[in-house]
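J.: generate a structure from the sequence data that follows.
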Amino acid sequence: MAWFRQKKGEILKIKKVSIPQEAGIFLVFFVMVLIFSVLSENFFTITNASVLLLNGAIIALIALGQTFVLLTGGIDLSTGANVAMCGIIATVLMRSGLPWWVAAIGAALCGSFLGVLNGLIIHYVGIPPFIVTFAAMGVASSIPMIITRAESIQITQEKFAWIGQGHVLGFPVPVILVIIAAIISSILLKNTVLGTHIYALGGNKLAARLSGINVMRTTVFVYAFSGFLAGVAGVIATSRLNVGYPQTGTGNQLFYSIAAAVVGGVSLFGGIGTIRGAIAGVLLISTISNGMNVVNVSSYWQPLVIGLIILGGVSIDSKRSSKRDGAKSKPRGKPQILSRTKK
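T.: Numbers count the residues shown, from 1 in each chain. Here you go, the predicted model:
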């Protein structure tokens, strides 16, 4: 977009107004809301909006943590299993006699500890993040099954349900936690040195190391932060169910969180993305999933649709990355012509 302004005796000037990349995602989001509202009268209701937000809260927390990891050029496949592990840990801690809020904090810290281990192995051993977090997913998904022997555990403290089912001034607690996490995440990325280091690490790891950035500390932090938010998501999911279920979070949450981040403009190649975009992606993915449920689309079709969305997002990201690399390698200035002098 551009606007024109000219005064007497001045040359016509053109000032460009940049449109945020997330604007297109929000536009698609509103279009999807309109479509599903037309298809079903039950979609655009307060009850369904509440269900959408509560289901989207868990995806949002995982996507926020995933955004930090993706910005460094990594990926965290252990978040879904981390949700299940932390939910069972919270249940076990409460059954041991600890207060519900202590159990919730302890479970989230256990999730962060798994992230720390992921970051340390990735940095010091040099194994690709995909392999490390894939192995961690297997470990984290087995722990709750071993503890519970594949059976649900009853929660002994009723107040624990407040985390996933309570309200503050009319707003659901999970949504409030997502807003707090999004604000903190945005501040970390935009207004701190750590955020600059995260973007730099994703842009060029070698250049970041040579410029004096502590690569180990940055890597460990992003995986620890991702693990912590996955732990919080596990506490919320368990609180909503009001029972410790060993397979909570091992469904489509990981799949949807990556889709939300990618659709929101977070590059799988690192160095590009915003929290605002990730939240926009969460709203879009959650709306599509919820809308398909409301209009009675079979659950077997939902991963197919989300998979196509991921494929489209990655394709656009790949072309964008190629253009960016091409622009960087393009020589500046006029090319010098070397002439051969005759002897």
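J.: ranges for the helices of this structure?
T.: 22-39, 46-71, 79-95, 100-120, 129-148, 162-165, 173-191, 193-203, 205-210, 215-241, 253-263, 275-294, 302-329 (DSSP state H).
J.: which one of those helices lies closest to Phe269?
T.: Among the helices of the chain, helix 302-329 comes nearest to Phe269, with 4.9 Å by Cβ to Cβ. Heads up, the C-betas are built off the backbone N, CA and C, glycines and all.
J.: name the spans of the stretch 1-150 of the chain whose pLDDT lies under the cut-off.
T.: Flagging of the stretch 1-150 of the chain using pLDDT under 70 yields the residue ranges 1-22.
J.: hmm, 80 instead?
T.: Flagging of the stretch 1-150 of the chain using pLDDT under 80 yields the residue ranges 1-26.
J.: equivalent analysis for the stretch 201-343 of the chain, please.
T.: In the predicted model, the stretch 201-343 of the chain carries pLDDT under 80 at residues 249-252, 298-300, 302-303, 306-307, 309-343.
J.: redo that, cut-off 50
T.: Along the stretch 201-343 of the chain, segments meeting pLDDT under 50 span 332-343.
J.: out of the helices of the chain, nearest to Thr156?
T.: By Cβ to Cβ (comparing all of the helices of the chain), the closest turns out to be helix 79-95, at 5.6 Å.
J.: please compute how far that closest one lies from its chain's middle.
T.: Relative to its parent chain, helix 79-95 has a centroid offset of 20 Å by Cα atoms, centre = their mean, to the nearest Å.
J.: begin at 6, not 1, for the rest of this chat.
T.: Yep, numbering from 6; the last one is helix 84-100 now.
J.: by how many degrees do that helix and helix 220-246 diverge?
T.: 60 degrees (axes from the mean of the first three to the mean of the last three Cα atoms, to 10 degrees).
J.: can you pull the buried residues of helix 84-100?
T.: 84-99 (16 or more other Cβ atoms under 10 Å).
J.: can you lay out the helices of the chain as a markdown table showing distance to Thr161?
T.: Shown next, in a markdown table, are the helices of the chain (distance: least, Cβ to Cβ, whole Å):
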| stretch | distance to Thr161 |
| --- | --- |
| helix 27-44 | 40 |
| helix 51-76 | 23 |
| helix 84-100 | 6 |
| helix 105-125 | 9 |
| helix 134-153 | 14 |
| helix 167-170 | 15 |
| helix 178-196 | 20 |
| helix 198-208 | 39 |
| helix 210-215 | 47 |
| helix 220-246 | 13 |
| helix 258-268 | 26 |
| helix 280-299 | 32 |
| helix 307-334 | 35 |
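J.: residue contacts, Glu156?
T.: Going by Cβ atoms under 8 Å, 6 or more residues apart in numbering, Glu156 touches Pro251.
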